[in-house]
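Visitor: this is a predicted model, with the sequence first.
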Amino acid sequence: MSITDLFASIDQLEGPTVATIGTFDGVHLGHQALLNRVQDEAAKRGAKSVAFVFKEQPRAFIKPSTQVTYLSDFETRREILTDIGIDHVIELEFSSAIQKLSSDEFVGALRERIGLVSLILGPGAMIGSDRSGVEQLSATSTHTDIDFIGVPAIVVDGEAVSSSVIRIAIVSGNCELASKMLGRNYSISGIVAHGEKRGREIGFPTANIEPDFAVTVPDNGIYATTVEVDGATHKAATSIGVRPTFETDGGRTIEAFLLDFDGDLYTKRLRLEFVTRLRAEVAFDSVEQLVTQMNKDVEQTRQILASS
C-alpha cells in the first residue's frame, strides 16, 4: 500500500494547517494546553487547527496481550476537542502500515494531504518508526518548511500530568488527584442492567451500571458520586467491588444508590461522576451491620455533595 493510499481515508484539506496527534485519552490539562497551543499557532498563521486522534492506544495494537483501559471513549474525546475549538478532529487508526512509516514519510504525507505547516507535539511524544521527537524532527526532517514545536508538561501536585498517571490515581481510588489533572471530575457512562437485586432486598435499590467500553474503573470501595440521567443530576452513593458480605467469588460490579430517587432506571444510560472515595470495601459479619454502615455512607455522601 502506498503512502497516498494509506491516508486516502483522510479528507483532503486546503492548507495551511497546524496539527497535533495523539490518543488524547481523558483530554486532561496537559492535552488542553497542547490543543490551546495548536489553536494559537493556527490563529497566528491564518491556518486551520487539526487534531489526529487514535481511537485506540497504539500499544493495544503493538502488544495485543496488554490489557488496555481508557479514561474516555473516542466519541467523548471528539466532542471535547470540538468544544475546545479544534477545526478538524480526524480519527486515525493505528496499523502496521502506519507503524512502518518513518517520521519523515509521516510528516510528508500530512503535508500533502492537509497542507501541514506546523506539527505540535506534547512532552515525550514521538512519531514514526524512528521514534522522532520535536528536537530530532527539527534537526533532521527534510521538510524544512514545516515547524516542529514541543509543548512542556503541566505539573499538578509535583507530578507531570499524563493519562497513565491519571489511570493510576483512579485505580488507587484517588479521585481528587484525577479531578485536578483532568480539570473536571472523572466519570463513567453505561447502561443500567438487571442485577441480583441484593440492594433492593435491604432497602437500598441500586443501579447496576455496565460501562460502554474498556473503561478505567476506580478501586473497590464506596464513593460519593453524582449521577446524570434523563437530563437530571442526582446525588448517589456508589459501591464498586465484589459484594463480599454476600459473595465469595463474585465479579466486580458498579452499583449506584441514587439519593431521594424513586423511578425505574433499567436500560437507561447513566453518567456516573466520582467526587471522593469514602472508604474501602468491607466484608461485614451480618447484613444488619452492612445496612448500618450504608446508612452512614449515605449521610456522609449528602454532607460531602452539599458542600462540593
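Guide: In hand now; what should we look at?

Visitor: domain map for the chain?
Guide: 3-160, 186-307 (automatic domain parsing).

Visitor: for these, which one sits closest to Lys180?
Guide: Closest approach to Lys180 among the domains of the chain is made by domain 3-160 (5.0 Å; C-beta to C-beta). All C-beta atoms are positioned from the backbone trio N, CA, C, and that covers glycine.

Visitor: and the closest one, how far out from the chain's middle?
Guide: Counting by C-alpha atoms, centre = their mean, to the nearest Å, domain 3-160 is centred 16 Å from the centre of its parent chain.

Visitor: adding distance to Arg167, mean neighbour count and mean pLDDT, write the domains of the chain out as a markdown table.
Guide: Output for the domains of the chain, formatted as a markdown table (distance: least, C-beta to C-beta, whole Å; neighbours: other C-beta atoms under 10 Å; pLDDT from 0 to 100):
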| stretch | distance to Arg167 | mean neighbour count | mean pLDDT |
| --- | --- | --- | --- |
| domain 3-160 | 7 | 17 | 91 |
| domain 186-307 | 5 | 17 | 90 |
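
Visitor: ok, which of those comes nearest Ile170?
Guide: Of all these, it is domain 186-307 that lies closest to Ile170, at 5.1 Å by C-beta to C-beta.

Visitor: and the strands in the stretch 201-308 of the chain?
Guide: 207-211, 221-229, 232-241, 253-258, 269-279 (DSSP state E, counting those that start in this stretch).

Visitor: out of these, which comes closest to Asp40?
Guide: Across the strands of the stretch 201-308 of the chain, Asp40 has its closest neighbour in strand 269-279 (30.4 Å, C-beta to C-beta).

Visitor: with only the CA atoms kept, save the closest one in PDB.
Guide: Provided in PDB are the C-alpha atoms of strand 269-279 (Å, rounded to 0.1, in the frame of the first residue of the first chain):
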ATOM      1  CA  ARG A 269     -27.900   5.300  30.100                       C
ATOM      2  CA  LEU A 270     -26.200   6.900  33.100                       C
ATOM      3  CA  ARG A 271     -23.200   9.100  33.600                       C
ATOM      4  CA  LEU A 272     -21.500   8.500  37.000                       C
ATOM      5  CA  GLU A 273     -19.200  11.200  38.200                       C
ATOM      6  CA  PHE A 274     -16.800  10.500  41.100                       C
ATOM      7  CA  VAL A 275     -16.200  13.100  43.800                       C
ATOM      8  CA  THR A 276     -14.400  11.200  46.500                       C
ATOM      9  CA  ARG A 277     -13.800   7.800  48.000                       C
ATOM     10  CA  LEU A 278     -15.500   7.300  51.300                       C
ATOM     11  CA  ARG A 279     -14.000   4.000  52.400                       C
END
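
Visitor: by contact count, what packs against it?
Guide: helix 175-182, strand 187-193, strand 207-211, strand 221-229, strand 232-241, strand 253-258, helix 287-307 (3 or more C-beta pairs under 8 Å, 6 or more residues apart in numbering; DSSP states H and E).

Visitor: give the partner strands of it in its sheet and their orientations.
Guide: strand 187-193 (antiparallel), strand 221-229 (antiparallel) (DSSP bridges).

Visitor: turn those into JSON lines, including distance to Phe52.
Guide: Shown next, in JSON lines, are those (distance: least, C-beta to C-beta, whole Å):
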{"stretch": "strand 187-193", "distance to Phe52": "24"}
{"stretch": "strand 221-229", "distance to Phe52": "30"}
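
Visitor: distance of Ser189 from Gly15?
Guide: Between Ser189 and Gly15 the distance is 37 Å, computed by C-beta to C-beta, to the nearest Å.

Visitor: now Asn36
Guide: 21 Å.

Visitor: tell me where this structure has helices.
Guide: Applying DSSP state H to the chain gives helices spanning 3-6, 29-45, 58-62, 74-84, 96-100, 103-114, 134-140, 163-171, 175-182, 198-201, 287-307.

Visitor: put together CSV for those, with distance to Val156 on each row.
Guide: Output for the helices of the chain, formatted as CSV (distance: least, C-beta to C-beta, whole Å):
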stretch, distance to Val156
helix 3-6, 37
helix 29-45, 7
helix 58-62, 24
helix 74-84, 18
helix 96-100, 32
helix 103-114, 30
helix 134-140, 23
helix 163-171, 9
helix 175-182, 5
helix 198-201, 36
helix 287-307, 22
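
Visitor: out of those helices, nearest to Ala236?
Guide: It's helix 287-307; of the helices of the chain, that one is closest to Ala236 (C-beta to C-beta) at 7.3 Å.

Visitor: residues touching the closest one, excluding its own?
Guide: If you take C-beta atoms under 8 Å, 6 or more residues apart in numbering as the criterion, helix 287-307 is touched by 202-204, 222, 224-226, 235-237, 245, 257, 259, 275-276, 278-279, 282, 284.

Visitor: swap in 10 Å and give it another go.
Guide: 198-199, 201-204, 222-226, 234-239, 243-246, 257, 259-260, 275-276, 278-279, 282-284, 286 (C-beta atoms under 10 Å, 6 or more residues apart in numbering).
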